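Colleague: here is the input, now give the coordinates:
(4 chains)
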2 protein chains.
Amino acid sequence: METNPGAPLFVSGLETHLGYWLRQVSNAVSGSFARSLKSRQASVAEWVLLRSLFERKQSTPSELAHSLTMTRGAISKIVDRLQTKGWITCKTSSDDNRVQLLALTGAGRRAIPILAKIADENDHKFFSCLDAGERSELRNLLGKLAGYHGIRDVPVE
Amino acid sequence: METNPGAPLFVSGLETHLGYWLRQVSNAVSGSFARSLKSRQASVAEWVLLRSLFERKQSTPSELAHSLTMTRGAISKIVDRLQTKGWITCKTSSDDNRVQLLALTGAGRRAIPILAKIADENDHKFFSCLDAGERSELRNLLGKLAGYHGIRDVPVE
DNA sequence: TATTGTTATACTCTATAACTATA
DNA sequence: TATAGTTATAGAGTATAACAATA
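Modeller: Numbers count the residues shown, from 1 in each chain, chains lettered A, B, ... in the order given. Reported below is the predicted structural model:
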């Protein structure tokens, strides 16, 4: 695509991209969450995986990759770290020797409410400047976007 | 923090964190944008910096670091890449030899509408499932959050 | 052949901290 | 001393692609 070098350069709505705002706010929220999680030697991606495992009780790397919209390679790396931390276990399925069954350990289950509290506090820090109606509206809009675009890890409500 | 191992494990509102939804949706939007920008050999952070420079006409690494809430080191690396691509120039201020003045080159200015079009298309792809009122509501909510938390690169409207 | 999972490699984004050069 | 900027290092997060084991 070429533009006429003599023409005045008008770029429509440069400041209006919703994606831009979404990224700025999301980065601030997740960055703050990541810093808080460090006190428990955890990362955001680890929390997301633990949280999924907590809801499902048991899962496999492939299932998680699908539901979290990540590659199996990415899941594998996080699973590795969580095993090293002793928060999850991994055992071969008796039905299919290729399949690894992941589950929380006792330590992993005990970590959940601790990390959830950090998530609660972070959410409160960022979103308590909105009133309940606004938070609900934001949740609806994000849920609508997630649903529409097949962002899959939708909690069963 | 310790939990009673015998007690039933109830984690309040695990699925309700707004930060979680924000991150899932933002990652999908920015990931898609990043993939589209690749066709023009550009990254999201590069676009954000170019866009800032376009709005300010001229700036310095320190100013950008402040307005984009990034470290000077991070800015420095992106500036490097943009110079290599021939999209921005860098000259020492005559007022203060420590200060570098950054500005778009002709090629950089010509890249802006091309990249802006990719941003437009990406925004359309993700947000056209919302109606105008919902998009406006989302914009207001994100703007409110950004304002409240000192996310600084607020376009002058 | 297709699928599950791992590994190797690489890139983006970002931070921290040490450093250089100016002021 | 303080500030502007760079550089070195590190780590999170992610992807691609080659690979091994199993089906």
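
Colleague: C-alpha only now, for contacts and for neighbours.
Modeller: Noted.

Colleague: all strands of chain A, in order?
Modeller: In chain A, the strands defined using DSSP state E lie at A:58-59, A:88-92, A:100-104.

Colleague: kindly export the second one (C-alpha atoms) in PDB.
Modeller: Put plainly, it is strand A:88-92. Taking Å, rounded to 0.1, in the frame of the first residue of the first chain, the C-alpha atoms of strand A:88-92 are listed here in PDB:
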ATOM      1  CA  ILE A  88       1.100 -31.200  40.700                       C
ATOM      2  CA  THR A  89       1.700 -34.900  39.900                       C
ATOM      3  CA  CYS A  90       1.800 -36.600  36.600                       C
ATOM      4  CA  LYS A  91       1.000 -40.200  36.000                       C
ATOM      5  CA  THR A  92       0.600 -42.300  32.800                       C
END
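
Colleague: quick one: stretch A:139-146 near DNA strand D?
Modeller: No - under the criterion of CA under 7 Å from any atom of the strand, stretch A:139-146 makes no contact with DNA strand D; the nearest approach is 14.9 Å.

Colleague: list the buried residues of that stretch.
Modeller: Residues of stretch A:139-146 classed as buried by neighbour count (16 or more other CA atoms under 10 Å in any protein chain shown): A:139, A:141, A:142, A:143, A:145, A:146.

Colleague: then stretch A:118-128?
Modeller: A:118, A:119, A:120, A:122, A:123, A:126, A:127.

Colleague: so for residue A:43, which of the strands of chain A sits nearest?
Modeller: Of all those, strand A:88-92 sits nearest to residue A:43, with 14.8 Å by CA to CA.

Colleague: got the angle for the closest one vs strand A:100-104?
Modeller: 160 degrees (axes from the mean of the first three to the mean of the last three CA atoms, to 10 degrees).

Colleague: got the contact list for strand A:88-92?
Modeller: The list of residues contacting strand A:88-92 from outside it, by CA atoms under 8 Å, 6 or more residues apart in numbering or on different chains, reads A:79, A:82, A:83, A:98, A:99, A:100, A:101, A:102, A:103, A:104, A:105, A:108.

Colleague: buried ones among those?
Modeller: A:79, A:82, A:83, A:99, A:100, A:102, A:103, A:104, A:108.

Colleague: closest to chain B among the residues you listed?
Modeller: Taking CA to the nearest CA as the measure, chain B lies nearest residue A:108 of the buried ones among the contacts of strand A:88-92, at 12.0 Å.

Colleague: I'd guessed that closest one sits against residue A:87; true?
Modeller: Yes - using CA atoms under 8 Å, residue A:108 makes contact with residue A:87 at a distance of 3.8 Å.

Colleague: re the thing from before, JSON lines please, covering the buried ones among the contacts of strand A:88-92 and showing pLDDT and distance to DNA strand D.
Modeller: Below are those laid out as JSON lines (pLDDT from 0 to 100; distance: CA to the nearest atom of the strand, whole Å):
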{"residue": "A:79", "pLDDT": "97", "distance to DNA strand D": "11"}
{"residue": "A:82", "pLDDT": "96", "distance to DNA strand D": "11"}
{"residue": "A:83", "pLDDT": "95", "distance to DNA strand D": "14"}
{"residue": "A:99", "pLDDT": "97", "distance to DNA strand D": "8"}
{"residue": "A:100", "pLDDT": "97", "distance to DNA strand D": "11"}
{"residue": "A:102", "pLDDT": "97", "distance to DNA strand D": "17"}
{"residue": "A:103", "pLDDT": "97", "distance to DNA strand D": "19"}
{"residue": "A:104", "pLDDT": "97", "distance to DNA strand D": "18"}
{"residue": "A:108", "pLDDT": "96", "distance to DNA strand D": "16"}
